[in-house]
Structures are given as structure tokens and as C-alpha cells.
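> Give me a 3D structure for the following:
(chains A, B, C, D, E and F)
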4 protein chains.
Amino acid sequence: MLININPTNGLAVYDQIARQIKFAVANRVLRPGDLVPSVRELAKNLAINPNTVARAYRELQAEQIIQTVRGTGLEITVAAPEICRNARQELIRLRLREVLEEAGRSQLSRTQVKQLFDKELSQYDETGNAS
Amino acid sequence: MLININPTNGLAVYDQIARQIKFAVANRVLRPGDLVPSVRELAKNLAINPNTVARAYRELQAEQIIQTVRGTGLEITVAAPEICRNARQELIRLRLREVLEEAGRSQLSRTQVKQLFDKELSQYDETGNAS
Amino acid sequence: MLININPTNGLAVYDQIARQIKFAVANRVLRPGDLVPSVRELAKNLAINPNTVARAYRELQAEQIIQTVRGTGLEITVAAPEICRNARQELIRLRLREVLEEAGRSQLSRTQVKQLFDKELSQYDETGNAS
Amino acid sequence: MLININPTNGLAVYDQIARQIKFAVANRVLRPGDLVPSVRELAKNLAINPNTVARAYRELQAEQIIQTVRGTGLEITVAAPEICRNARQELIRLRLREVLEEAGRSQLSRTQVKQLFDKELSQYDETGNAS
DNA sequence: GTGGTCTAGACCACC
DNA sequence: GTGGTCTAGACCACG
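Numbering: from 1, shown residues only, chains lettered A, B, ... in the order given. The predicted structure is shown next:
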């Protein structure tokens, strides 16, 4: 379970942690019953404030992705995979819709948008890295 | 020249002003030589502080979209239309790329992404309003 | 006697007028006894406010470059050519000194500055137009 | 990291701050990763308003010379040294060209300009102080 | 503690 | 009237 933090990209650190855990769940790197790292341990590894880790976990708890196990720590819930997989597709859909609205405000035609999309998609290598 | 401000959408007010002026330039609502509303007038119309308008205009000046005409006001530069039209297409392209990278990190296949896109595009009415 | 005004270059309009008259005197385009255009005429030709022309002339009077001739207008003084020619050389010397001080603050060596100067001088065509 | 402000030299205070930081970067007094003084601290030291410092920093951010580190402060970017060093040489070159154009408009010969330059250069002590 | 944003009001030079 | 700058003080999210 590797988490990478970039404190200079404008995204809140707690949000970066939460997102990466959700991705790990969606991609079955983390499975129901697995324990996430303890607040103190993760904070130490990332050299950040424990409060920041705690906040990330608080948000994940609110979304029912992790739950406390008394005396043990925080574990991935049974519902987590479905929540995360649905969420990721909805996220992409929402982003696409936003871009299309932006394009509409810019008065780009449907054809122009499609051309831009196809050009970018042809460079899409399904790895998450820009090619 | 209509500008609408939504103080609760998370976007900074000065940014909303700057964006709408860029759109107006890209869409030929504002043309080179046209004067933008004076700082005080626009501030009064939008019921916001003149400093906020001034900041928006300062950013537009830094991007060479408007320039001061001594004692007269701020006018659209001759280079503005090209700058704004190039910028808007680059913005859309960048956003599409980001979404595709996000999709890659979520391990969606190229086919899945294309289906999502086509579904959203079919609802795209080229007006900038979600349908 | 041609005067060109650029209201968008940051220089005050009255200053542009005064400078161009001084150049005209230094270069013998205007000679002692010549009349400068009347405030109203020049303001009309340049499509600017007569106050702005009046201010330019006021400054030139303070520098003894023009003087009022009752009932006639404003004429170039006998002392004007010497004043303007001395001023132009001093101006250049002052500017060079400023650039050198700026270079010193940037810790450029004397050799580096000389190279930059020689390169620019080689493009210098003595016409006042960038080549 | 010493910054000196002269509120009476015509230069905007925010600009003086930005310039001095750029010089410090170009001269390796500030290096990538170093934090600039916090907005509030610098404002207190210089006895000026925090907004003025913030504006200076905002301009430096726009030029990619500093970047925010969430909750920590503003640090010098890795690209900053190159940006600042290129900028300072280009600035000197631009200034020299302006002076030469001015000289051309004054109909000074190439030889006269060179004499003026050599005379000033002989007094140039590479410290940034007029001798 | 940090930066980011906004408001309110002042003074300046210029037209 | 115009923009440009600065001060004073507030509120926010983040760590």
C-alpha cells in the first residue's frame, strides 16, 4: 500500500490520501477486512501531521469505506468496493459532463469537441500515465 | 456586456469576472478597442468591492487581453481575440486529458471511456447549459 | 511638425508631446522664433484634451524652451537648441549609467555587459528605429 | 534574507519586494526549496500591510518563481534560478536597446554613443553602486 | 501557524 | 472622470 503526497499541487493533502485509498479499494489492492495503516504510522511515513491523516480517515468513515475495529484499527468495509467502483465511474462521468459544459460555453461545436476527444483518446494507454 | 457573479460556487469572484470577459472576447462580444466597464462602474453594478474588479482587470492585463488607455479606461487589445480563442481550446484539451488520465488511474478501458463520452456528448446541446 | 501620441504605452500624453518638441528642437526641425501649434489646434489634430496640450507647453515654458509672444502664440526661444542638445546627451548618459547600475546589481561582469552592448550596437542604424 | 524598501523612489512597494526576491534567487541567496518569509512576518518586518506582501508573492507565483506548499508557506521553485537568471540578462539587453533607440532618435552617431558607454563603463565597479 | 480572498476606504497621477 | 497603489481588518481552508 503505497501513498504519494504532493504538497504543491493545490490539492489538500488529506484529500490526496483519501482518494488514493479509494483507488486502492476500487482496484482490489485493498480488500474488505484489510486494515489501513494506523494514523501515527502513516503520518510518520509521509512526514506529515497526524491530524491530516486523521482527517482523511474521518472522511472515509463518513463514506462508509472504512470502519473502526475496537482495539485493532480501521478496516475496509464489505461495502467499500462497490461504493468505490461506482464512485469512480460517476466521477469520470461528472468530469466529462463538466468539460462538455465548458466546451459549450466556449461555443465549440460538437464536431470540434469530438475531434479533440478522439485525438486525446488515441494517446490513452489505460495506465493512468500521460503518454 | 453582461456579467453574472455567483458568490457561492467556489470560484473566486475576480476569476469569474476575468473568465467572462475572456469568453466575451473569444465570442466577439467584446472586440479590440472596446472599453471594458470602468472599475467603479462594474463594482457598483455587481455590488462588489472595486478592488475585486481591479484584481480581475490586473490579471487580464498580465495576459495582454486588455491595456490601459491613460485617463480613459481599459480597452481590449488587438491580440486579445487570438489569445482568448487559443486559450479556450487549449483549456478544453487539457481538461479532456486530465479526465482521461483519471480514467486510466481508475483502470477503465478505452471502450468504457468512449461509451461514457458518447453518452454525454449526445446530451450536448452546444449552449453551455446542461440539458 | 509631426507629433504622434500613443496613449497606451504608459507614458503620460503631455510628456510625449513635450519630448517630441524637444527632439524637434534638438534636430533643428524647430528653430528659434518658430511658433509651436496653438493649444487648440494641436489638441484638435491629436484628438486629445486641450488641457493636456497646455500642460505640455507649461512644462516647456518652465524649461525656457518656448516663450509666449503676446497676441501671437508660443515661439521657440533662442536658448532652446542648446538646452535641448545638452539635455539629450545628458539623458543618454544617465540612461547608460542606470543600465550599468542595474547590471551591477545583477552581478554581471564588465565583460558580459560589454558583450551585450557591442551586440546591440552592431544592430544600431543611427535612425532611431530598431533594426 | 534582507529586503529593503524605499517608499519614495516611485517604484511600487510590491514591485520592490518581487524584484529583490528575484535578485536573491538569481544570485543564489535563495535556492529551490527555500521558504520565503511568511506574508505576515515580512509585512511586520517591513512595517507594511500584509496585502502588499501578498501581492508581491502573487506576482512571483504567476512567474513560477515561488509555489505554495499547503499549510507551510511559499517555496522557491526548481525552475526559479533559470527563470531569474535569464530574465535579468534579457532585462539588461532590453534596456541597452532602448537607450540605443533613444540615442538614434537624438541622432547621436555610433561613435558618440560608444564614447559615452566606455566612459560610464570605466566607472563601473560591478557592485551595483554608482561610483 | 500558513496563504487566499474580499471589503472598505484612502491617496496619487492623469485626462 | 479614469486606473494604480496601499492600508486596515475580516473570514476561509489547511496543517
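> Next, A:L94: secondary structure please.
Going by DSSP: H, G, I helix; E, B strand; the rest coil, the secondary structure assigned to A:L94 is helix.
> what about the helices in chain A?
Here chain A has its helices, by DSSP state H, at A:13-26, A:39-46, A:50-62, A:80-105, A:110-121.
> Pick the most buried one from those.
Most buried of these, by mean neighbour count (mean count of other Cβ atoms under 10 Å in any protein chain shown): helix A:13-26, with a mean of 21. Placement of C-beta: from N, CA and C, glycine included.
> Spatially central residue for chain A, please.
When Cα atoms, centre = their mean is applied to chain A, the residue found nearest the centroid is A:R19 (2.6 Å).
> Could you tell me which residues of chain A lie near DNA strand F?
Counting by Cβ under 7 Å from any atom of the strand, the residues of chain A close to DNA strand F are A:7, A:12-15, A:48-49, A:51-52, A:55.
> circling back to that earlier point, relative to D:R105, how far out is the residue nearest to the centre of chain A?
For A:R19, the distance to D:R105 equals 60 Å [Cβ to Cβ, to the nearest Å].
> quick one: low-confidence ranges for chain A?
Within chain A, the segments meeting pLDDT under 70 span A:1, A:125-131.
> How about the contacts made by A:I3?
The contact partners of A:I3, by Cβ atoms under 8 Å, 6 or more residues apart in numbering or on different chains, come to A:16-17, A:20-21, A:42, A:45-46.
> Quick check: closest non-adjacent residue to the residue of chain A found nearest DNA strand F.
At 3.1 Å from DNA strand F, A:V13 is the closest residue in chain A, using Cβ to the nearest atom of the strand. Spatial nearest neighbour of A:V13, chain neighbours left out: A:T52 (5.2 Å); criterion: Cβ to Cβ, 6 or more residues apart in numbering or on different chains.
> Contact partners for that neighbour?
Residues in contact with A:T52 (Cβ under 8 Å, 6+ apart) are A:13-14, A:17, A:43.
> quick check, nearest of the residues you listed to D:K119?
Nearest to D:K119 out of these is A:V13 (Cβ to Cβ; 58.7 Å).
> check contacts around the closest one.
By Cβ under 8 Å, 6+ apart, A:V13 lies in contact with A:5, A:7, A:48, A:52, A:56, D:70-71.
> Compare those residues and tell me which has the most neighbours.
Neighbour count (other Cβ atoms under 10 Å in any protein chain shown) singles out A:A56 as the most crowded of the contacts of A:V13, with 26 neighbours.
> so that residue makes contact with A:A12?
No: applying Cβ atoms under 8 Å as the test, A:A56 and A:A12 come out as separate, 9.2 Å apart.
> Burial check on A:N4, number of neighbours?
Around A:N4 there are 8 residues (other Cβ under 10 Å).
> Quickly note the distance from the residue nearest to it when sequence neighbours are not counted to A:Q64.
Nearest residue to A:N4, sequence neighbours excluded (Cβ to Cβ, 6+ apart): A:Q20, at 7.5 Å. Taken as Cβ to Cβ, the spacing of A:Q20 relative to A:Q64 amounts to 18 Å.
> ditto for A:A18
13 Å.
> follow-up on the earlier one: possible to save the contacts of A:T52 as JSON lines with distance to DNA strand E?
Shown next, in JSON lines, are the contacts of A:T52 (distance: Cβ to the nearest atom of the strand, whole Å):
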{"residue": "A:V13", "distance to DNA strand E": "11"}
{"residue": "A:Y14", "distance to DNA strand E": "13"}
{"residue": "A:I17", "distance to DNA strand E": "17"}
{"residue": "A:A43", "distance to DNA strand E": "16"}
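> so, if you compare these, which one comes nearest to A:A80?
Nearest to A:A80, judged by Cβ to Cβ, of these is A:I17 at 15.3 Å.
> my guess is the closest one meets A:A56, correct?
Yes: A:I17 lies in contact with A:A56 (Cβ under 8 Å); the separation is 3.8 Å.
> thinking again about what came up before, go through the contacts of A:V13 and say which is closest to chain C.
The closest of those to chain C turns out to be A:P7 (Cβ to the nearest Cβ; 32.0 Å).
> Contact partners for that closest one?
So A:P7 contacts A:13, D:69-72 (Cβ under 8 Å, 6+ apart).
> one more time with 6 Å, if that's ok
Applying Cβ atoms under 6 Å, 6 or more residues apart in numbering or on different chains, one finds that A:P7 lies in contact with D:69-70.
> and it, what are its phi and psi?
The phi and psi values for A:P7, taken as degrees, to the nearest 10, are phi -70, psi 0.
> related to what we said a few turns ago, distance of the residue nearest to the centre of chain A relative to DNA strand E?
Note on A:R19: its distance to DNA strand E, by Cβ to the nearest atom of the strand, to the nearest Å, is 21 Å.
> And A:E98, by the same measure?
With distances taken as Cβ to the nearest atom of the strand, A:E98 is found 19 Å from DNA strand E.
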